[in-house]
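Engineer: Here's a sequence, model it:
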Amino acid sequence: MKDYIRRAGKFILYMAAIFIIVLVVLPLITDGKTPTVTLDELIHNQRFILFFTFLFAYALVYPLIAFVKLKRHLNGTFTDNREVIEKVFEALQYIKTEEKEGKIVYRRKSQFARFSQWYEDSVILETSENPVIISGMRKAVTRIDKMIDHFLFRSSE
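Structural biologist: Next up is the predicted model:
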């Protein structure tokens, strides 16, 4: 729940930053004039309120959609396949930032990639049981899972 609240808050801030850029900064850059629409007019505009409500609802649902936990079955135990999994993370430009009993956390190497994902780039491996549970952003977890398949297939040949 704590992760959900943090992620939803970050996404709401992200949407607010985009609003400020589009409604204030962009007109200043293109025309050199301050916006003629006041905040009071926006608050009383029904279309703006409806649009803002949809964006706020999306910001609350986004963490539920974008972050997943995937069960990954391995041929054997995690310790048997640890080398392969570490090669996968190395190939995808991830570094190990934390390792505890039954849990390993990987993060992106690139600071720009971490910043662009609002520092929500961690991929967590729960290794205490088989299947191994991989959790993180859906896109990254899917890519890692497919790469593990590929590497395990190559190592079995």
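
Engineer: contacts, neighbours, all on C-alpha from now
Structural biologist: OK.

Engineer: hey, where'd the strands end up in this structure?
Structural biologist: For the chain, the strands defined by DSSP state E cover 67-72, 94-100, 103-108, 123-126, 132-137.

Engineer: Columns mean neighbour count, mean pLDDT and distance to residue 82 on top of these, output as a markdown table?
Structural biologist: Listed next are the strands of the chain as a markdown table, based on neighbours: other CA atoms under 10 Å; pLDDT from 0 to 100; distance: least, CA to CA, whole Å:
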| stretch | mean neighbour count | mean pLDDT | distance to residue 82 |
| --- | --- | --- | --- |
| strand 67-72 | 16 | 93 | 13 |
| strand 94-100 | 14 | 94 | 13 |
| strand 103-108 | 19 | 95 | 11 |
| strand 123-126 | 21 | 94 | 11 |
| strand 132-137 | 20 | 94 | 11 |
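
Engineer: Do you know the pLDDT at the closest residue to residue 107 other than its chain neighbours?
Structural biologist: Nearest non-adjacent residue to residue 107, counting by CA to CA, 6 or more residues apart in numbering: residue 122, 4.7 Å away. Per-residue confidence for residue 122 comes out at a pLDDT of 92.

Engineer: if I read this right, residue 122 contacts residue 104, doesn't it?
Structural biologist: No. Taking contacts as CA atoms under 8 Å, residue 122 lies outside contact range of residue 104: 10.1 Å.

Engineer: Which strand residues bridge the spatially most central residue of the chain?
Structural biologist: Nearest to the mean C-alpha position of the chain, counting by CA atoms, centre = their mean, stands residue 137 at 4.1 Å. Beta-bridge partners recorded for residue 137 (DSSP bridges): residue 67.

Engineer: For residue 55, find the nearest of the strands of the chain.
Structural biologist: Residue 55 lies closest to strand 67-72 among the strands of the chain, at 18.4 Å (CA to CA).
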